[in-house]
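# predicted model and sequence follow; I will ask about them next.
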Amino acid sequence: MVDKSIDGSKSFDWGRTSEDYAKFRDIYPHEFYKRIINRGLCIKGQNVLDIGTGTGVIPRNMACYGAKWIGIDISENQIQQAKLLSKNMNIAYHVLPAEKINFPDNSFDVITACQCFWYFDHAALMPKFFRMLKPNGKILVLYMAWLPFKDKIAGASEKLVLKYNPEWSGGGETMHPIIIPECYNENFELVFHEEYQLNVHFTRESWNGRMKACRGVGASLSAQDIASWEEEHMDLLSEIAPEEFDILHYAATAELKRKV
């Protein structure tokens with residue numbers, strides 16, 4: 001990655017943490033998906049492209065609502081996990097950078113991007129989205145993050161990540177709307193956005209796994225530093241957290257409509 005606003009340009013690779021990602025980052029509550037369905041998106045009769053699909057969390061959890069899904073991701077390891085977890089589900093996956101997608105015109109009713117929208121070259125992507133979406137098609141940008149200033153456990157875990165990776169820029173989240181690059185104004189209209197708080201349930205093990213699978217730890221630290229961080233994190237959790245607990249998060253949605 002070359003965006004200097006992300007971890008001070010420090011490199012990371014989601015493929016390094018794919019097994020933990022697959023095990024510990026499928027955490028979106030039912031309410032998260034229900035709000036999408038209530039918008040009439042990703043439902044039966046629609047073709048949906050999920051960019052930056054990772055281990056296929058969004059397609060796998062929403063396939064039951066009847067849409068036909070394609071997921072793409074730049075990481076071969078992520079797509080491998082997605083295929084394993086999607087066995088016997090009618091979801092197509094491709095190892096492909098988002099900027100190189102080239103599906104036919106008017107292919108999709110919806111394009112989704114969850115936890116990944118800021119990683120892309122939008123000047124290159126926006127015209128492709130416009131071309132590949134059907135008239136009045138939608139881009140759905142999704143995000144969920146813990147709130148470290150409101151949740152004591154999340155705040156303490158985040159401080160430990162920063163101890164090992166001071167350049168990590170993924171911390172310090174507060175509740176705010178998703179920022180959409182200005183280039184989308186040419187061909188898309190923001191028709192809906194919402195931000196809401198929700199609790200996500202964890203055990204010490206699953207919260208440790210969730211934090212380990214974040215960009216600041218598993219995707220970027222050395223194996224030795226990951227092991228040291230994990231040992232220290234589990235000790236920390238044994239001191240400050242019960243065996244099971246909720247972490248306060250917020251979720252955000254931005255829905256853009258293709259101009260005809």
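Perfect, thanks for sending it. Numbering: from 1, shown residues only.
# please enumerate the helices of the stretch 151-260 of the chain.
Listed from the start of the chain, the stretch 151-260 of the chain has helices (DSSP state H, counting those that start in this stretch) covering 152-164, 204-212, 223-240.
# tabulate the ones you listed (CSV), appending mean pLDDT.
Shown next, in CSV, are the helices of the stretch 151-260 of the chain (pLDDT from 0 to 100):
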stretch, mean pLDDT
helix 152-164, 97
helix 204-212, 97
helix 223-240, 97
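# now mean neighbour count and distance to Arg60 too, for those, in TSV please.
No exception for glycine: its C-beta is placed from N, CA and C like everyone else's. Formatted as TSV, these follow (neighbours: other C-beta atoms under 10 Å; distance: least, C-beta to C-beta, whole Å):
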stretch	mean neighbour count	distance to Arg60
helix 152-164	18	25
helix 204-212	20	17
helix 223-240	14	26
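# looking at those, which is closest to Met132?
The closest of the helices of the stretch 151-260 of the chain to Met132 is helix 204-212. By C-beta to C-beta, the value is 32.6 Å.
# one step back: and of the helices of the stretch 151-260 of the chain, who's closest to Leu125?
With C-beta to C-beta, the closest approach to Leu125 among the helices of the stretch 151-260 of the chain belongs to helix 204-212: 28.1 Å.
# coming back round to it: tell me which of the helices of the stretch 151-260 of the chain approaches Cys116 most closely.
Ranking the helices of the stretch 151-260 of the chain by their distance to Cys116 (criterion: C-beta to C-beta) puts helix 204-212 first, at 16.7 Å.
# elements contacting that closest one?
For helix 204-212, the packing partners by 3 or more C-beta pairs under 8 Å, 6 or more residues apart in numbering; DSSP states H and E come out as helix 18-24, helix 152-164, helix 223-240.
# rerun at 7 Å
For helix 204-212, the packing partners by 3 or more C-beta pairs under 7 Å, 6 or more residues apart in numbering; DSSP states H and E come out as helix 18-24, helix 223-240.
# show residues contacting that helix.
With contact meaning C-beta atoms under 7 Å, 6 or more residues apart in numbering, helix 204-212 is reached by 20, 23-25, 27, 157, 161, 202, 217-218, 226, 230, 233-234, 237, 241, 243, 247.
# average pLDDT for the helix or strand where Ile111 lies, rounded please.
Applying DSSP states H and E as the criterion places Ile111 in strand 108-114. Rounded to a whole number, the mean pLDDT of strand 108-114 is 98.
# which is the next helix or strand following that strand?
Reading on from strand 108-114 to the C-terminus, the next helix or strand found by DSSP H and E is helix 122-132.
# what residues sit buried inside that next one?
Along helix 122-132, these residues count as buried under the neighbour rule (16 or more other C-beta atoms under 10 Å): 122, 125-126, 128-130, 132.
# again, but for stretch 10-21
Going by neighbour count (16+ other C-beta under 10 Å), the buried part of stretch 10-21 is 10, 12-18, 20-21.
# Glu99: which of those is nearest?
Top of the list for closeness to Glu99, among the buried residues of stretch 10-21 and by C-beta to C-beta, is Trp14 at 16.4 Å.
# am I right that the closest one is in contact with Ser75?
Yes: using C-beta atoms under 7 Å, Trp14 makes contact with Ser75 at a distance of 5.0 Å.
# and which of the buried residues of helix 122-132 is nearest to Ile6?
Ile6 lies nearest to His122 out of the buried residues of helix 122-132, by C-beta to C-beta, at 14.3 Å.
# run a quick neighbour tally on the nearest residue to that closest one once chain neighbours are set aside.
Computed as C-beta to C-beta, 6 or more residues apart in numbering, the closest residue to His122 that is not its neighbour in sequence is Pro181, at 4.4 Å. Residues contacting Pro181 under the criterion other C-beta atoms under 10 Å number 14.
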